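In: quick check, what structure comes out for this input:
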Amino acid sequence: METTDKIFDLIVIGGGPAGYSAAMTASKLGLSTLLAECGNTLGGTCLNRGCIPTKAMLHSSGLIRQFRSASEFGVDASASINEDKLFSYRDETVNTLVSGLEQSVKASGVEVIHGLAKVVSFDGNVEVDIGGTVYKAKDVLLATGTKPAFPPVEGIDSDVVITSNDILEGKELPESLIIIGGGVIGCEFASLYTDLGRKVTIIEALPRILSNMDKDVARNLQMILKNRGAEIFSGALVNRIVKTGNGAEVTFTAGGAEQTLCADKVLIATGRRAVIPEGLSEKLETANGRIVTDENGCTSIEHIYAAGDITNGIQLAHKASAEGENIAMVLAGKKAVHDMKVIPACVYFSPEIACIGITDTEAKEAGIDFVTAKALTSANSRSVITREERGFVKLVAERKSGVLIGCQLMCANASDMIGEIALAIANRLTASQCLLSVRPHPSYEETIGAALEELIKKK
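Out: Purely as a prediction, here's the structure:
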């Protein structure tokens, strides 16, 4: 085994959002940086088989849904899906972004090696084996991400069972789909397949879908999905999956009764689990299968840091990127720039869902004296023009100070609009301060203004 003489300031293991963001930031700040990625391309799950290909396919399926309602706007039109072109568009989108990312990483001065990395020593300088060659560094950042988690269900290993990876890398759109798991991943794929006219069933173990989000958001989403033809079973436990000649049978218990449903494929959307590099899982402090870190990304082993989905907290690409950048700043002797307590979460449904801060339920549980207000999109001019489905803007603020502490959006362009509220919460702005800016008319953003006005009335 060959050992190199050079000692890098930082070796980053994993080329996803946390890894490449940390590597580029560190290099630009003057740290010699090596980035190790076990796959053939940079970008991690998000870019290659997650966020980006999902949103590309959702964009196509959304166009189909718009064409179906075109007559409402005085347009006679029809449309059908061309699967070959859909997959080409998806793959071209991913390839374009991967190419741009790899050029940016190279331009930043980061050295990139493709190969499986393993930490072999952390006595003194940290030593990392990458493809049989040992590289040394003062510090190492683990950013190895996650992979789909499988529940302990009989028949889960059948070839009729697929993951999001299979859908986003494959060339097949099954006519019917049973989705096990009603979280963000499950709901986004339910949106995709109902828009394409496929038969969709969601089986969720918890009392409601999107259980980690505001109850009003979850209730509205469930109603819209059902209106689009999806069947939803909550509080349901899957007992077994059986491959049949025509696909799969899923047997589950809901409401005390056992039921069996059939579909072409079964999608497992029950979350993801951390991929901790070999040899470290038993040495690092972990909680719930993920690496424990402090506010600067430090792990229980000196000079080994961790960021992204392998650490505790919400599993989102922008959260991972911010963590990676913060760690690189600290290693370069500078102050972290991102407030990790203020992370927006989005669901790319239609209408979009975006949340940040705490809900009214969480505020009540925390003993906060709060006030909340909601504005419906049915009164918004832009929403009426575009015939948007039912939606709302819901705000939560401290009663005495008026400082915003939470927001839930369910409306068109929510993923773009949430930035305004994220800025407000990060800087502890009040509802009155947020109303100082004039919002254009007609715009979806006016609903935020209406919610702010209602919040001030209740204060």
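In: please report how far Asn288 lies from Thr311.
Out: 11 Å (Cβ to Cβ, to the nearest Å). Bear in mind the C-beta positions are built from the backbone N, C-alpha and C, glycine included.
In: okay, domains of the chain per the record?
Out: 2-147+273-331, 161-270, 351-458 (automatic domain parsing).
In: got TSV for those, with mean neighbour count and mean pLDDT too?
Out: Below are the domains of the chain laid out as TSV (neighbours: other Cβ atoms under 10 Å; pLDDT from 0 to 100):
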stretch	mean neighbour count	mean pLDDT
domain 2-147+273-331	19	94
domain 161-270	19	95
domain 351-458	19	96
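In: so which of those domains is nearest Ile343?
Out: Ile343 lies closest, by Cβ to Cβ, to one member of the domains of the chain: domain 2-147+273-331, at 4.8 Å.
In: gap between that closest one and the chain center?
Out: Distance, stretch centre to chain centre, for domain 2-147+273-331: 13 Å (Cα atoms, centre = their mean, to the nearest Å).
In: tell me what the longest helix seen in the chain is packed against?
Out: For the chain, the helix with the greatest residue count under DSSP state H is helix 83-107. Here helix 83-107 touches helix 17-28, helix 44-49, helix 51-68, strand 111-114, going by 3 or more Cβ pairs under 8 Å, 6 or more residues apart in numbering; DSSP states H and E.
In: was I right about Tyr348 contacting Asn413?
Out: No. Counting by Cβ atoms under 8 Å, Tyr348 stays clear of Asn413, with 11.3 Å between them.
In: check contacts around the spatially closest residue to Gly14 that is not a sequence neighbour.
Out: In space, and not counting its chain neighbours, Gly14 is closest to Ala143: 3.6 Å by Cβ to Cβ, 6 or more residues apart in numbering. Ala143 sits next to 12-16, 18-19, 22, 306-308, 310, 320, 324 when contact means Cβ atoms under 8 Å, 6 or more residues apart in numbering.
In: against Val347, how distant is the residue most central in space within the chain?
Out: By Cα atoms, centre = their mean, the chain has its centre lying nearest to Leu316, at 4.1 Å. Distance of Leu316 to Val347, given as Cβ to Cβ: 11 Å.
In: show me what the top strand by length along the chain is packed up against.
Out: Scanning the chain for the longest strand, with DSSP state E as the assignment, gives strand 2-13. When contacts are defined as 3+ Cβ pairs under 8 Å, 6+ apart, strand 2-13 sits against helix 17-28, strand 33-37, strand 117-121, strand 126-130, strand 133-142, helix 317-331.
In: if we go to 6 Å?
Out: Applying 3 or more Cβ pairs under 6 Å, 6 or more residues apart in numbering; DSSP states H and E, one finds that strand 2-13 contacts helix 17-28, strand 33-37, strand 133-142.
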